[in-house]
Structures are given as C-alpha cells and as structure tokens.
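Chemist: Predicted model follows, preceded by the sequence.
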Amino acid sequence: QVQLVESGGGLVTAGGSLRLSCAASGRTFSSYTMGWFRQAPGKEREFVAAVSWSGGITYYADSVKGRFTISRDNPKNTVYLQMNSLKPEDTAVYYCAARFGRTTVVTGSEYDYWGQGTQVTVSS
C-alpha cells in the first residue's frame with residue numbers, strides 16, 4: 001500500500017511558476033513509476049507527466065512540454081513537478097499517481113495509487 005500526499009498548489013498569475021511535491025509512504029518508492037495528472041472543472045482527467053523508477057525516463061503531454069519538468073528523489077520518497085510559464089489553461093486539480101513496476105506509462109487507468117490532489121489556479 002502506498003499513500004501519496006501532494007503539496008505546493010496555489011494561486012499564481014500567468015507566466016509565473018509553482019513547484020508541486022508528492023510525498024509517498026513506504027520503503028519501496030523506487031519500485032514505482034510516478035505520474036502527474038490534472039483535472040479541470042467540467043473536463044476529464046488528463047495526463048501531464050510521468051517519470052520512470054530511476055528518474056532517467058520522462059514523458060510529457062504536448063501541452064506542457066518545455067514548460068513543466070518532472071523529477072524524483074528516491075531517498076526522500078518524493079516526486080516533483082516544476083511548472084514554469086504557467087497559463088490560465090493550466091488551472092486544475094493536480095494529482096500524483098504511482099504505478100508498481102518499471103514500465104513508464106501515461107494512461108491513468110494503469111496507475112495503482114492516487115493522492116488527494118492539490119489545486120493550481122492561474123489568473124490572467
């Protein structure tokens with residue numbers, strides 16, 4: 001069982017930056033692929049970024065490529081999402097997710113554990 005707790009959300013003006021963190025419980029954090037997803041009001045949840053167990057492989061949605069960076073610190077059981085050049089369309093609840101195994105995937109249904117989410121609001 002893995003518990004995930006996100007933090008770092010908030011209100012920022014367009015062009016600003018935020019860094020989200022996701023702290024995971026358990027001693028096998030390095031066995032999990034980690035991902036970030038988001039859901040805006042009235043929209044379906046969408047993939048944002050994923051990172052492999054080692055941190056060596058990353059994937060990004062086209063909408064955030066070049067602006068967001070996912071990383072992980074295995075000794076600290078934490079995954080991060082650095083968000084730069086934020087746009088109003090980035091406004092959403094951001095969720096951290098964990099998938100047991102070393103195959104990096106981008107489909108939400110393949111993730112095993114989810115955090116409670118953190119709100120990110122970007123004003124124009």
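Modeler: Everything's here; your move.

Chemist: Let's see stretch 69-81 as CSV, backbone CA atoms only.
Modeler: Extracted in CSV, the C-alpha atoms of stretch 69-81 (Å, rounded to 0.1, in the frame of the first residue of the first chain):
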residue,chain,number,x,y,z
THR,A,69,9.6,19.3,-15.5
ILE,A,70,9.0,16.1,-13.6
SER,A,71,11.7,14.7,-11.3
ARG,A,72,12.0,12.4,-8.3
ASP,A,73,14.2,12.0,-5.3
ASN,A,74,14.1,8.3,-4.3
PRO,A,75,15.9,8.6,-0.9
LYS,A,76,13.2,11.2,0.0
ASN,A,77,10.3,9.3,-1.4
THR,A,78,9.2,12.4,-3.3
VAL,A,79,8.3,13.3,-6.8
TYR,A,80,8.2,16.9,-8.1
LEU,A,81,6.5,18.8,-10.8
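
Chemist: From the rest of the structure, what touches that stretch?
Modeler: Here stretch 69-81 makes contact (CB atoms under 8 Å, 6 or more residues apart in numbering) with 19-26, 29-30, 34, 36, 48-51, 55, 58, 60, 68, 82, 84, 94, 96. (C-beta placed from N, C-alpha, C; glycine too.)

Chemist: Quickly note the distance from the residue nearest in space to the middle of the chain to residue 124.
Modeler: The chain has residue 36 as the residue nearest its centroid, 2.3 Å off, counting by CA atoms, centre = their mean. To residue 124, residue 36 is 23 Å away according to CB to CB, to the nearest Å.

Chemist: got it, and residue 7?
Modeler: Residue 7 is 25 Å from residue 124, by CB to CB.

Chemist: Tell me how many other residues surround residue 61.
Modeler: 16 (other CB atoms under 10 Å).
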